[in-house]
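S.K.: pasting the structure only:
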């Protein structure tokens with residue numbers, strides 16, 4: 001389901017002599033304008049979204065798609081992993097089920113949003129599975145569209161939290177995507193490369209370096225993914241104390257970074273801390289080496305020992321394309337990473 005902007009009510013609603021209804025429409029228009037102009041996160045956006053929903057409930061029927069849209073807006077205005085966001089997403093899903101039915105493709109985005117907010121494995125799997133079942137029934141489980149959707153789930157499953165349960169879920173859907181891409185498009189397809197790169201990242205996130213190697217080698221045949229796979233192979237063999245193999249996979253500087261061109265570093269992979277408790281924050285400073293690895297990772301501050309340790313561990317796994325000066329890769333020192341989180345409790 002693709003959310004579309006809800007435009008201000010100007011022409012769609014005819015003129016009414018009833019003053020109360022006219023006031024409701026004015027209040028709705030003002031709230032929508034406030035919402036659209038507010039920053040992406042913050043109390044003002046939440047207040048405007050709530051005002052728009054309140055006014056909308058006085059104008060539209062409960063079963064109107066606009067109410068679902070407004071409820072979803074209010075949910076997404078609240079912080080990630082907050083109880084309020086989760087509660088309003090559930091409400092929007094229930095309204096959508098009542099309007100479209102339990103098996104409608106219109107439910108998919110809401111199911112994905114709910115799954116992304118979950119931190120209990122049984123609910124994560126339930127919502128992702130339901131979304132994939134609906135989509136698979138719509139497009140066919142052997143189709144490239146279904147493979148792309150499984151790949152999307154594998155990425156989104158670890159986009160908020162990086163727990164072992166989420167990593168298992170991510171890997172399961174990446175495996176499904178990999179099989180379909182291989183059968184339909186072959187080893188050199190970008191989809192096959194991306195699925196295997198995700199499988200490798202999930203292994204690296206739990207420090208299973210040797211298990212990541214076959215997936216990284218599978219990704220080498222994709223022109224787009226190969227440079228990232230090579231970068232990770234350098235990292236893996238470096239960690240395994242096999243410098244000759246690490247050197248054999250070193251990514252050569254292409255023509256775009258040769259000569260006197262100066263380029264900043266670019267992110268290849270960033271995972272987020274796992275096993276970090278329900279809320280907290282941490283800040284670390286680190287160096288990005290000329291090989292694109294992180295080094296000299298030091299804790300600056302944080303809300304507790306576990307928070308600091310979790311972020312320090314996550315940053316040690318991050319990978320970059322290094323910065324170049326006059327066509328040569330250089331270290332970048334003093335890079336700062338800060339991460340804050342709050343996980344809802346039901």
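M.R.: Yes, it's here. Keep in mind it's a predicted model, so treat the numbers as computed, not measured.
S.K.: tell me the secondary structure for residue 340?
M.R.: strand (DSSP: H, G, I helix; E, B strand; the rest coil).
S.K.: break the protein into its domains for me.
M.R.: 19-209, 266-342 (automatic domain parsing).
S.K.: against which helices or strands is the host helix or strand of residue 56 packed?
M.R.: Counting by DSSP states H and E, the element that carries residue 56 is helix 43-59. Under the contact definition 3 or more Cβ pairs under 8 Å, 6 or more residues apart in numbering; DSSP states H and E, helix 43-59 sits against helix 19-37, helix 65-77. Placement of C-beta: from N, CA and C, glycine included.
S.K.: now, of the ones you listed, which is deepest in the fold?
M.R.: helix 65-77 (a mean of 22; mean count of other Cβ atoms under 10 Å).
S.K.: next up, the contacts around residue 47.
M.R.: residue 34 (Cβ atoms under 8 Å, 6 or more residues apart in numbering).
S.K.: closest one to residue 248 among the domains of the chain?
M.R.: Proximity to residue 248 (Cβ to Cβ) singles out domain 266-342 among the domains of the chain, at 13.4 Å.
S.K.: so for the closest one, mean pLDDT?
M.R.: Averaged across domain 266-342, the pLDDT comes to 81.
S.K.: with stretch 148-165 instead?
M.R.: 89.
S.K.: give me the distance between the two termini of it.
M.R.: 22 Å (Cα to Cα, to the nearest Å).
S.K.: pull out the buried positions in that stretch.
M.R.: 148-154, 156-158, 160-163, 165 (16 or more other Cβ atoms under 10 Å).
S.K.: which helix in the chain runs the most residues?
M.R.: Under DSSP state H, the helix in the chain containing the largest number of residues is helix 164-185.
S.K.: ok, then the element right after that helix?
M.R.: helix 190-205.
S.K.: next, the angle helix 164-185 makes with that following helix.
M.R.: 160 degrees (axes from the mean of the first three to the mean of the last three Cα atoms, to 10 degrees).
S.K.: starting at the chain centroid, how far to helix 190-205?
M.R.: On the basis of Cα atoms, centre = their mean, to the nearest Å, helix 190-205 sits 15 Å off its chain's mean C-alpha point.
S.K.: and if you look at stretch 183-196?
M.R.: 21 Å.
S.K.: list the buried residues in it.
M.R.: Those would be 189, 191-196, for stretch 183-196 by 16+ other Cβ under 10 Å.
S.K.: now residue 163: phi and psi?
M.R.: Backbone torsions of residue 163, given as degrees, to the nearest 10, read phi -80, psi 170.
S.K.: what do you get for residue 319?
M.R.: Per degrees, to the nearest 10, the backbone of residue 319 is at phi -130, psi 150.
S.K.: that one: neighbouring residues, count only.
M.R.: 21 (other Cβ atoms under 10 Å).
S.K.: can you pull the contacts of it?
M.R.: With Cβ under 8 Å, 6+ apart, residue 319 has these contacts: 228, 231-232, 235, 267-269, 292-294.
S.K.: any quick PyMOL command for the buried ones out of those residues?
M.R.: Those of the contacts of residue 319 that count as buried under 16+ other Cβ under 10 Å are selected in PyMOL with:
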select buried, resi 228+231+232+235+268+269+292+293+294
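S.K.: thinking again about what came up before, export the domains of the chain as TSV, with columns for distance to residue 242.
M.R.: What follows is the domains of the chain, written out as TSV (distance: least, Cβ to Cβ, whole Å):
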stretch	distance to residue 242
domain 19-209	10
domain 266-342	14
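S.K.: partner strands of the lowest-mean-pLDDT helix or strand in the chain and their direction?
M.R.: For the chain, using mean pLDDT, DSSP states H and E, the weakest element among its helices and strands is strand 266-269, scoring a mean of 75. Using DSSP bridges, the strands paired with strand 266-269 are strand 319-321 (antiparallel).
S.K.: so what's the residue count around the closest residue to residue 161 other than its chain neighbours?
M.R.: Computed as Cβ to Cβ, 6 or more residues apart in numbering, the closest residue to residue 161 that is not its neighbour in sequence is residue 119, at 6.0 Å. By the measure other Cβ under 10 Å, the count of residues near residue 119 is 18.
S.K.: likewise residue 207?
M.R.: That count, for residue 207 with other Cβ under 10 Å as the rule, works out to 12.
S.K.: just the element for it, please.
M.R.: Applying DSSP H and E, one finds residue 207 in no helix or strand.
S.K.: just the pLDDT at it, thanks.
M.R.: 86.
S.K.: quick check: it vs residue 291, distance?
M.R.: 19 Å (Cβ to Cβ, to the nearest Å).
S.K.: if you count neighbours, what's buried in the longest helix of the chain?
M.R.: 165-167, 169-178, 180-182.
S.K.: got it, and stretch 136-152?
M.R.: 136, 139, 144, 146-152.
S.K.: so which of the domains of the chain comes closest to residue 223?
M.R.: domain 19-209 (7.4 Å).
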